[in-house]
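Build the 3D model from these lines:
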Amino acid sequence: MSTPLTLEDIWKLFQETNHLFQKSQSDWERRFQENERLLRMEREEREKERIEREKERFEREKERIEREKERIEREKAREKAREKERIERAEAERIFKEERAEADRRFQEEQAKARAEADRHFQETERVVKDVSRQIGRLGGRWGEFVEGMVAPACETMFAERGIPVHKVHPRTKAKLPGNRHMEIDLLVINTTAVVAVEVKSDLKIEDVRWHADKLSEFKEFYPEYADRQIMGAVAGIVMGEGVDRFAMNLGLFVIVQSGENVRLANDLSFVPRIW
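Residues are numbered from 1 along each chain as shown. Down below sits the predicted model:
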């Protein structure tokens with residue numbers, strides 16, 4: 001049989017149980033406090049990390065705001081530059097329009113002056129043309145005088161001095177061939193063995209010299225009565241362009257030039273004429 005419990009046993013048991021409970025509670029409280037401390041430290045660490053992250057976020061946001069501010073400043077500067085450019089362009093267009101209007105006005109004035117001047121020149125030109133026409137008329141008379149009064153009479157002496165005796169001088173000879181071909185020679189200087197065909201111009205040009213030389217190559221066809229004679233050529237002019245005399249001499253032609261009131265041969269004594 002078991003021994004029955006007494007009050008004293010129960011009280012001891014209660015005290016032991018209470019002691020164990022208090023000890024357990026103390027251990028629990030100590031662990032709780034430790035857990036609380038650890039949790040608090042963990043929370044503080046997390047809070048510290050959060051604060052650091054927030055601080056980093058704040059710095060990034062600050063940098064973003066600074067960049068945005070710089071972008072806005074740049075945009076404002078660009079807009080200011082564009083506005084300045086628009087103002088300057090508008091001012092330039094205004095000045096250009098004013099200058100163009102002024103230029104148009106001056107152009108119209110110059111055109112009016114030019115038209116007035118042109119009218120004056122036209123009237124002056126008409127007067128000059130009339131004077132030139134009168135002079136040409138007189139020149140035509142002088143050309144006839146030049147041929148008949150100076151060149152023709154001088155041919156006998158000039159060509160005789162070059163060993164070409166002159167028997168006849170025929171002014172203005174004309175010849176025709178079938179096919180509407182014709183030839184006109186201003187002067188024919190003739191002897192029994194030679195003929196000198198002379199072309200006379202008021203203003204002798206290179207084209208005239210070349211044309212006369214071409215005529216000489218057909219001379220005997222138009223004037224067969226001189227087929228047995230030596231054909232030579234000469235050119236004469238009241239006015240003679242630069243280099244015309246040398247060109248004619250190079251073609252083998254005599255060159256007759258005016259010298260005061262007379263005419264003379266410009267060829268030197270060593271000149272040998274071409275024979276056609």
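
The chain: helices as residue ranges?
7-145, 152-161, 206-216, 219-222, 244-250 (DSSP state H).

want to throw these into a markdown table with mean pLDDT, distance to Thr193 and mean neighbour count?
C-betas here are computed from N, CA, C, even on glycine. Putting these into a markdown table (pLDDT from 0 to 100; distance: least, CB to CB, whole Å; neighbours: other CB atoms under 10 Å) gives the following:
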| stretch | mean pLDDT | distance to Thr193 | mean neighbour count |
| --- | --- | --- | --- |
| helix 7-145 | 78 | 30 | 10 |
| helix 152-161 | 88 | 12 | 17 |
| helix 206-216 | 95 | 17 | 17 |
| helix 219-222 | 95 | 14 | 17 |
| helix 244-250 | 95 | 23 | 18 |
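
got TSV for those, with distance to Val257 too?
As requested, these are exported to TSV (distance: least, CB to CB, whole Å):
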stretch	distance to Val257
helix 7-145	15
helix 152-161	11
helix 206-216	13
helix 219-222	23
helix 244-250	7
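
Which of those helices sits closest to Ala266?
helix 244-250 (5.3 Å; CB to CB).

How confident was the prediction at Gly233?
In this prediction, Gly233 carries a pLDDT score of 95.

Can you name the residues that contact it?
For Gly233, the contacting residues are 196-199, 212-213, 216, 251-254, 273-274, 276, by CB atoms under 8 Å, 6 or more residues apart in numbering.

Count the residues that sit near Ala236.
By other CB atoms under 10 Å, 27 other residues sit near Ala236.

actually Leu265, sorry about that
Other residues close to Leu265 by other CB under 10 Å number 21.

With the one 5 residues further on instead?
By other CB under 10 Å, 5 other residues sit near Ser270.

for the helices of the chain, which one sits closest to Leu177?
In this view, the helices of the chain are compared for proximity to Leu177 by CB to CB, and helix 219-222 is the closest at 6.3 Å.

Can you tell me the closest non-neighbouring residue to Lys205?
In space, not counting the residues next to it along the chain, Lys205 is nearest to Gly241; the distance is 5.4 Å by CB to CB, 6 or more residues apart in numbering.

Select only the buried ones of the contacts of Gly233 in ChimeraX?
The command below creates a ChimeraX selection of those among the contacts of Gly233 that count as buried (16 or more other CB atoms under 10 Å):
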select :196,197,198,199,212,213,216,251,252,253,254,273,276
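
export the contacts of Gly233 to JSON lines and tack on distance to Lys23?
Output for the contacts of Gly233, formatted as JSON lines (distance: CB to CB, whole Å):
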{"residue": "Val196", "distance to Lys23": "168"}
{"residue": "Ala197", "distance to Lys23": "165"}
{"residue": "Val198", "distance to Lys23": "166"}
{"residue": "Glu199", "distance to Lys23": "160"}
{"residue": "His212", "distance to Lys23": "158"}
{"residue": "Ala213", "distance to Lys23": "156"}
{"residue": "Leu216", "distance to Lys23": "161"}
{"residue": "Leu251", "distance to Lys23": "155"}
{"residue": "Gly252", "distance to Lys23": "159"}
{"residue": "Leu253", "distance to Lys23": "159"}
{"residue": "Phe254", "distance to Lys23": "163"}
{"residue": "Pro273", "distance to Lys23": "164"}
{"residue": "Arg274", "distance to Lys23": "160"}
{"residue": "Trp276", "distance to Lys23": "163"}
